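Enquirer: Structure, please.
(4 chains)
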There are 2 protein chains.
Amino acid sequence: MTCTETALQTLRARGFRMTPQRLCVLEILHNAPEHLTPQQVYERAALDMPGLTETTIYRALEFLAEHNLVNAALTASGKLSYELARHAHHHLVCRACGQQVEVDHAILAPIYSTLEASSGFHINTSHLTFFGLCPHCKDKE
Amino acid sequence: MTCTETALQTLRARGFRMTPQRLCVLEILHNAPEHLTPQQVYERAALDMPGLTETTIYRALEFLAEHNLVNAALTASGKLSYELARHAHHHLVCRACGQQVEVDHAILAPIYSTLEASSGFHINTSHLTFFGLCPHCKDKE
DNA sequence: TAGTCTATTGCAAGTATTTTCAATAAGGAT
DNA sequence: ATCCTTATTGAAAATACTTGCAATAGACTA
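Expert: Here you go, the predicted structure:
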């Protein structure tokens, strides 16, 4: 079963629908090496689907993020962007040069447990963005 | 020395200026019990300073956040908001009811060390927002 | 396969945020 | 106290994002 088929099953099971527009957004994120902003997704999607609106892109991204099919993340400049949800991970981005490093969720898992135990909350944040200075930029300061 | 005087010193030492507008934003956040969105800050600031523009508020908040005098955080609905930087802490917000709980930075400190060691980055994220379900909403599901 | 329900879309209008640039004013130097 | 440099502001325009609502079209049912 392809990943878009899995996504389709997931949505239907919850009473929602898979549409060409949402599929298009998933395809675009699937082929993107990097995070894309809503505008970037719109530009690419509009090529395949003339008549598609920005409104739909914003709604599709928010919807897919709610269902954990895509992850929202922040770019170096603090802008919202999205990427396909693959394995659970977070990002560490350099404030100076924008370079990004993936942080596996396993490293954060213990903290989630600690927080859940002390607060009683059930935490489901799928993505965190840490900011800092990469080794290279750190030395230049 | 009051906290605004400290802020003033901090900025001047870095070659920037303390202005009535920035001072007003700091005062407002100082007196706010909760996070405020840029719009909320603007509404309150406009009462004291007629002629003040929203542009200036956005810029002042971004500027103050860069200098760690205020912290940016996300509300339950994912909107950007700001609060005065007091002690280092993060937030845990309920996706269902919006209730917020403070998470002391001490809990996260070990993770920062781990990440710094494995990545070589110097991490300086001042605020993280975790999402989840509070004990009350968790039970209702 | 056709019918029904309602989630989803597109459009238009509204609100929020950023950018550009000339005018202003903070604060160090004289 | 006055001058100078340039960081900062305000105004307007551009861009980004959200909301309301009628029309459309997934996907379940028979």
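Enquirer: how about A:Ser81, secondary structure?
Expert: strand (DSSP: H, G, I helix; E, B strand; the rest coil).
Enquirer: no wait, A:Phe16
Expert: coil.
Enquirer: contacting residues for it?
Expert: A:Phe63, A:His67 (C-beta atoms under 8 Å, 6 or more residues apart in numbering or on different chains). Quick note: C-beta positions are derived from backbone N, CA and C, even for glycine.
Enquirer: Let me know the pLDDT of it.
Expert: A:Phe16 carries a pLDDT value of 95.
Enquirer: just A:Thr125 next, same as before
Expert: At A:Thr125, pLDDT is 83.
Enquirer: Do I have it right that it meets B:Leu133?
Expert: No: look at A:Thr125 against B:Leu133 with C-beta atoms under 8 Å: they stay out of range, at 11.4 Å.
Enquirer: you'd agree A:Cys97 is in a strand?
Expert: No: using three-state DSSP, the assignment for A:Cys97 is coil, not a strand.
Enquirer: Now do the same contact list for the nearest residue to it once chain neighbours are set aside.
Expert: Closest residue in space to A:Cys97, ignoring its immediate chain neighbours: A:Cys137 at 5.5 Å, by C-beta to C-beta, 6 or more residues apart in numbering or on different chains. Contacts for A:Cys137 (C-beta under 8 Å, 6+ apart) come out as A:Cys94, A:Arg95, A:Ala96, A:Cys97.
Enquirer: Between which two of those residues is the distance greatest?
Expert: Greatest spacing in these, by C-beta to C-beta: A:Arg95 and A:Cys97 (8.4 Å).
Enquirer: Comparing those two, which residue is more hemmed in?
Expert: Neighbours around A:Arg95 and A:Cys97, counted as other C-beta atoms under 10 Å in any protein chain shown, are more numerous at A:Arg95. The numbers are 18 against 13.
Enquirer: Which other helices and strands does the top helix by length along chain A contact?
Expert: In chain A, assigned by DSSP state H, the helix with the most residues is helix A:105-119. Contacts defined by 3 or more C-beta pairs under 8 Å, 6 or more residues apart in numbering or on different chains; DSSP states H and E place helix A:105-119 against strand A:89-94, strand A:122-123, strand B:100-104, helix B:105-119.
Enquirer: For A:Leu92, list each beta-bridge partner.
Expert: A:Val101, A:Phe130 (DSSP bridges).
Enquirer: what does chain A put close to DNA strand C?
Expert: A:11, A:15-17, A:19, A:21-22, A:49, A:51-53, A:55-56, A:59-60, A:63 (C-beta under 7 Å from any atom of the strand).
Enquirer: And those, which of them are buried?
Expert: Buried subset of the residues of chain A next to DNA strand C (neighbour count, 16 or more other C-beta atoms under 10 Å in any protein chain shown): A:Leu11, A:Gln21, A:Arg22, A:Leu52, A:Thr56, A:Ala60, A:Phe63.
Enquirer: Out of the residues you listed, which sit inside helices?
Expert: A:Leu11, A:Gln21, A:Arg22, A:Thr56, A:Ala60, A:Phe63.
Enquirer: any idea how far B:His136 is from the residue lying closest to the last one once chain neighbours are set aside?
Expert: It refers to A:Phe63. Distance criterion C-beta to C-beta, 6+ apart; nearest residue to A:Phe63, sequence neighbours excluded, is A:Arg22 at 7.1 Å. As judged by C-beta to C-beta, to the nearest Å, A:Arg22 and B:His136 stand 32 Å apart.
Enquirer: and if you look at A:Gln21?
Expert: A:Gln21 is 36 Å from B:His136, by C-beta to C-beta.
Enquirer: How about A:His91?
Expert: From A:His91 to B:His136 the distance is 31 Å (C-beta to C-beta).
Enquirer: ok, these two, which is more surrounded?
Expert: Neighbour comparison, A:His91 and B:His136: the larger count goes to A:His91, with 20 against 12 (by other C-beta under 10 Å).
Enquirer: List the residues that contact that one.
Expert: So A:His91 contacts A:Ala73, A:Leu74, A:Gln100, A:Val101, A:Glu102, A:Val103, A:His127, A:Leu128, A:Thr129, A:Phe130 (C-beta under 8 Å, 6+ apart).
Enquirer: Try it again at 10 Å.
Expert: A:35, A:71, A:73-76, A:83, A:100-103, A:127-131 (C-beta atoms under 10 Å, 6 or more residues apart in numbering or on different chains).
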